[in-house]
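In: predicted model and sequence below, questions to follow.
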Amino acid sequence: MNKTDKIYIAGHRGLVGSAILENLQQKGYSNIVTKTHRELDLTNQIAVADFFNKEQPEYVILAAAKVGGIIANNIYRADFIYENMMIQNNVIHQSYVSQVKKLLFLGSTCIYPKNAPQPMKEGSLLTDILEYTNEPYAIAKIAGIKMCESYNLQYGTNFISVMPTNLYGPNDNFDLEKSHVLPALVRKIHLAKLLSESKFDEVVKDLGVNSISEAKAYLETFGVSENSVEIWGSGKPKREFLWSKDMADACVFIMEKRDFSDTYSDEEKEIRNTHINIGTGIDVSIKELAEIIQDIIDFKGHLVFNTDKPDGTMRKLTDVSKLNSLGWKHTVELKEGIIKIYKWYVSNK
Ligand SMILES: NC(=O)C1=CN([C@@H]2O[C@H](COP(=O)(O)OP(=O)(O)OC[C@H]3O[C@@H](n4cnc5c(N)ncnc54)[C@H](OP(=O)(O)O)[C@@H]3O)[C@@H](O)[C@H]2O)C=CC1
Ligand SMILES: C[C@H]1O[C@H](OP(=O)(O)OP(=O)(O)OC[C@H]2O[C@@H](n3cnc4c(=O)[nH]c(N)nc43)[C@H](O)[C@@H]2O)[C@@H](O)[C@@H](O)C1=O
């Protein structure tokens, strides 16, 4: 990519999209096109076709999607499959029609079977059944990988799919119900700590409610009090976490350095193994994660595990040997990242 080439980042205000925008700007890319969801609904086929026709981007990074944690995925199953399929169908197809030079599609490691051998290699795709809680989202993401691969093989496009592990960082979703585990626990434990110190004004402000009694009643529904914080599930599932700016750096690395044609051997194409895992290759249990966050926030209360809530996949550690062999490795370790995101949360929310 040249610094003046036109690059469209879909989803530039999200966790990953905002980090990609910042990374590209820091590297001197000066011709970046963005549209908010309100300005361009990517599920609308005609609007997306008009946008590509008018803007003619040369490079596309598809970081827009319907995203959420385990409960959101499990409840809003129809929205997750419909919106994600529509967004990716429209953006990938119009990238082909507009002869985009390269497109990066962001999938997720939930594409792999729930009992895939660990760490999960790219070749585990479609070898067994998926985890139920996020099956509709995973099916949409698998369709996105297959769409990129099929357009490459039939039309000679240069579409690359990456499968990130669980991500966290600035501009994440901190909703107590719909977010992912790391931002959810940072906020819950932070609020419990504020309650334990009787900093009621800050609790009321954080939740945007009218009184501390309203705040306490609301937090009680999430098992958050001055003495304890509820953790969903058994605490035994393991997850791997990647700092969003590392994720952005990996995406830009691939956009700058790789093409579909030179990233996969003929053998990999033959077994239709045409995507790249992005992660750290290191995981922790949810209990360990909660204890690290508790320690950083210095909350003295208890962690209570609610096994009525789902565990989801028990382990999904990525095999990052392909990414490492291409020349990229993560830089931010988990504790360092949690310290950064806690500081970010306190000064931005
Ligand atoms: N977060 C994670 O842990 C993981 C994320 N991923 C993948 O990474 C990618 C980015 O995720 P993340 O940054 O976390 O997501 P966010 O929810 O933070 O951001 C999603 C972005 O998509 C935009 N968007 C959503 N729907 C539409 C629509 N219909 N039309 C236009 N824009 C839309 C939103 O726009 P607006 O801000 O204007 O509303 C937002 O900017 C996704 O593909 C996701 O599946 C994969 C693995 C883990
Ligand atoms: C990125 C990835 O994210 C999702 O999959 P997930 O990893 O299962 O999601 P999660 O982050 O929500 O949970 C991880 C684990 O943590 C436990 N947990 C404890 N306490 C809280 C809690 O308070 N909130 C949440 N959300 N989880 C909690 C929770 O019960 C589970 O065992 C999918 O969207 C999937 O499609 C996807 O791509």
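Out: Yep, it's here. Given the structure is predicted, the values throughout are model-derived calculations rather than measurements. Ligands and ions are numbered 1, 2, ... in the order given.
In: quick one: residue 117 and ligand 2, what's the gap?
Out: 18 Å (Cβ to the nearest ligand atom, to the nearest Å). From N, CA and C alone the C-beta is placed, and that goes for glycine too.
In: what does the stretch 151-300 of the chain have sitting close to ligand 2?
Out: Within the stretch 151-300 of the chain, the positions lying close to ligand 2 (Cβ under 6 Å from any ligand atom) are 166, 179, 180, 181, 184, 185, 231, 232, 233, 237, 239, 286.
In: make CSV out of those and add secondary structure, neighbour count and pLDDT.
Out: CSV is the format used below for those (DSSP: H, G, I helix; E, B strand; the rest coil; neighbours: other Cβ atoms under 10 Å; pLDDT from 0 to 100):
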residue, secondary structure, neighbour count, pLDDT
166, strand, 19, 98
179, coil, 22, 98
180, coil, 23, 98
181, helix, 22, 98
184, helix, 23, 98
185, helix, 23, 98
231, strand, 24, 98
232, strand, 23, 98
233, coil, 19, 98
237, coil, 21, 98
239, strand, 21, 98
286, helix, 23, 98
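In: kindly identify which of these also come near ligand 1.
Out: 166, 180.
In: need the residues of the stretch 151-300 of the chain next to ligand 2 in JSON lines with distance to residue 307, can you?
Out: Listed next are those as JSON lines, based on distance: Cβ to Cβ, whole Å:
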{"residue": "166", "distance to residue 307": "21"}
{"residue": "179", "distance to residue 307": "20"}
{"residue": "180", "distance to residue 307": "19"}
{"residue": "181", "distance to residue 307": "15"}
{"residue": "184", "distance to residue 307": "17"}
{"residue": "185", "distance to residue 307": "17"}
{"residue": "231", "distance to residue 307": "10"}
{"residue": "232", "distance to residue 307": "9"}
{"residue": "233", "distance to residue 307": "7"}
{"residue": "237", "distance to residue 307": "12"}
{"residue": "239", "distance to residue 307": "17"}
{"residue": "286", "distance to residue 307": "12"}
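In: what is the burial count for residue 328?
Out: 20 (other Cβ atoms under 10 Å).
In: you'd agree it is in a strand?
Out: No. Assessed with DSSP: H, G, I helix; E, B strand; the rest coil, residue 328 is coil; it does not lie in a strand.
In: distance check, the residue nearest to it when sequence neighbours are not counted against ligand 2.
Out: What sits nearest to residue 328 in space, not counting adjacent residues and going by Cβ to Cβ, 6 or more residues apart in numbering, is residue 253, at 4.8 Å. Residue 253 sits 21 Å away from ligand 2, going by Cβ to the nearest ligand atom.
In: contacts only, for residue 253.
Out: Shown in contact with residue 253 (Cβ atoms under 8 Å, 6 or more residues apart in numbering): 326, 327, 328.
In: just the helices in the stretch 51-200 of the chain please.
Out: 70-75, 77-97, 135-155, 181-196, 200-207 (DSSP state H, counting those that start in this stretch).
In: winner for burial among those?
Out: Per residue and on average, the most neighbours among those fall to helix 181-196, with a mean of 23 (mean count of other Cβ atoms under 10 Å).
In: chain center to that one, what's the gap?
Out: Distance, stretch centre to chain centre, for helix 181-196: 21 Å (Cα atoms, centre = their mean, to the nearest Å).
In: show the contacting residues for residue 248.
Out: Counted by Cβ under 8 Å, 6+ apart, residue 248 has contacts 16, 19, 20, 22, 23.
In: hmm, which of those are the buried ones?
Out: 16, 19, 20, 22, 23 (16 or more other Cβ atoms under 10 Å).
In: nearest spatial neighbour of the third one, skipping sequence neighbours?
Out: Think residue 20. Nearest-residue entry for residue 20: residue 248, 4.4 Å, with adjacent residues in sequence omitted and distances by Cβ to Cβ, 6+ apart.
In: check the second one too.
Out: Leaving aside its chain neighbours, residue 19 sits nearest to residue 248 (3.6 Å; criterion: Cβ to Cβ, 6+ apart).
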